[in-house]
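Engineer: Task: produce atomic coordinates for the following.
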Amino acid sequence: MDYDLLYKLVAEIPAGQVATYGQLAKIIGCGPRQVGQALGALDGKNAKKVPWHRVVNSQGKISVRSEGGGETLQGDLLRKEGIIWRASGRIDLKTYGCGSVRSGRLEIDSSSLSVSDYR
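Structural biologist: You can find the predicted model right below:
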């Protein structure tokens, strides 16, 4: 999987919007777990360049990390961007989803992306 392309795609998600691991995985050509692993591989300096917090699971929830922690920080960052959870604890992907959520595909023109080194 091309981590640099993934990081560039995530960087294209506007503040106040989210994308799912699955949407990004379809664009990159990998599995959703690989997207999560790649985002988990970001170190502190690069995590500031890539808005990893804007990626949620297909249910519109923040995924629990295998190593624990991070969920509170992700929620705080999303709230600061104006994202509101439903009473069910889910983010409404129709309201806050980046681009069109139909067909589970994030609509970012990946042909125009220039890949930078984020690692």
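Engineer: what's residue 45 sitting at in phi/psi?
Structural biologist: phi -60, psi -50 (degrees, to the nearest 10).
Engineer: And for it, the neighbour number?
Structural biologist: 8 (other C-beta atoms under 10 Å). From N, CA and C alone the C-beta is placed, and that goes for glycine too.
Engineer: For the remainder of this discussion, apply numbering that starts at 672.
Structural biologist: Done: numbering now begins at 672, and the last item shifts to residue 716.
Engineer: What does the pLDDT read for it?
Structural biologist: If you check residue 716, the pLDDT there is 80.
Engineer: cool, residue 780 as well?
Structural biologist: pLDDT recorded at residue 780 is 49.
Engineer: Enumerate the positions of stretch 684-698 that are buried.
Structural biologist: Neighbour counts over stretch 684-698 (16 or more other C-beta atoms under 10 Å) mark 684, 688, 689, 690, 691, 692, 694, 695, 696, 697, 698 as buried.
Engineer: hmm, I was thinking of stretch 753-765
Structural biologist: Result for stretch 753-765 [16+ other C-beta under 10 Å]: buried residues 754, 756, 762, 764.
Engineer: Among those, which ones are in strands?
Structural biologist: Using DSSP state E, no member of the buried residues of stretch 753-765 falls in strands.
Engineer: Which pair of the residues you listed spans the longest distance?
Structural biologist: The most widely separated members of the buried residues of stretch 753-765, counting by C-beta to C-beta, are 756 and 764 (11.8 Å).
Engineer: returning to that earlier point: which of the buried residues of stretch 684-698 fall within helices?
Structural biologist: The members of these that map onto helices under DSSP state H are 692, 694, 695, 696, 697, 698.
Engineer: I'd like the distance between the fifth one and residue 769.
Structural biologist: Meaning residue 697. 13 Å (C-beta to C-beta, to the nearest Å).
Engineer: Same check on the third one?
Structural biologist: Distance of residue 695 to residue 769, computed by C-beta to C-beta: 10 Å.
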